[in-house]
Each structure stands twice: as structure tokens, then as C-alpha cells.
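Novice: Build me a structure from this.
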Amino acid sequence: MVQPSPDYFAWLTIACAALVTYFLRISGLLLAGRLPKTGRFKKFMDALPGTILLSLIVPAALASGPIGWLATGATGLCSLKTGNVFISMLLGITIVAAGRW
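Specialist: Numbers count the residues shown, from 1 in each chain. You can find the predicted model right below:
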């Protein structure tokens with residue numbers, strides 16, 4: 001019996017991942033028209049991007065210690081005050097870089 005090469009499994013995995021990704025994207029587009037646009041569901045959907053962002057930021061900030069806490073707080077305050085995300089991120093990066101230096 002002939003054994004498939006490791007490259008075959010790599011390409012098969014990539015193809016399957018691409019199909020799943022495409023299916024998820026297209027199903028989201030098709031489903032979006034059927035979801036309620038008012039009420040509790042709308043409030044939930046409006047809050048979702050912020051909660052996802054927090055779930056990504058908070059663990060990293062907690063793991064990085066006091067410098068990370070300071071940078072996270074300064075980045076959030078700068079973003080609230082200026083509304084400029086780029087400047088806020090630049091401030092956070094600068095604080096972390098200075099703290100590590």
C-alpha cells in the first residue's frame with residue numbers, strides 16, 4: 001500500500017480550512033438578513049465587538065505586569081480623549097518599549 005506524503009496532508013488540511021472559512025463567511029452573510037434588528041439582540045450584537053476586544057487585551061495586559069497595566073490604561077484613556085486609535089496604540093507601544101528598556 002502506498003503511503004500519502006506529508007505534503008498531501010498539509011494541502012488537504014489547508015483546503016479543508018479554506019472550505020470551512022468560506023462556509024462560515026457565506027453563512028454569516030446569508031443569516032444576517034434574518035436576524036432581528038431591534039431589541040435585546042441588537043444590544044447584544046452592538047456590544048459584541050467590544051467584548052471580543054477586551055477578551056483579547058485583558059489577559060495579555062494582566063500577564064505583562066505593571067508596565068502592561070500602565071500601557072493599557074494610558075492607551076484606553078488616550079483613545080477615549082482623542083478618538084484616535086493610531087495615536088493611542090503608538091502611546092501604548094512607547095510605554096511598553098520604555099518600560100522594557
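
Novice: Low-confidence ranges, this structure, go.
Specialist: Within the chain, the segments meeting pLDDT under 70 span 1-2.

Novice: Domains in it, by residue range?
Specialist: If you go by automatic domain parsing, the domain ranges for the chain are 1-34, 37-101.

Novice: Tell me which stretches of the chain form helices.
Specialist: Ranges of helices in the chain, per DSSP state H, are 6-32, 39-63, 65-82, 85-100.

Novice: same for the second one, what does it pack against?
Specialist: With contacts defined as 3 or more C-beta pairs under 8 Å, 6 or more residues apart in numbering; DSSP states H and E, the secondary structure elements packing on helix 39-63 are helix 65-82. (C-beta placed from N, C-alpha, C; glycine too.)

Novice: tell me the angle the helix it packs on makes with helix 85-100.
Specialist: Counting by axes from the mean of the first three to the mean of the last three C-alpha atoms, to 10 degrees, helix 65-82 lies at 160 degrees to helix 85-100.
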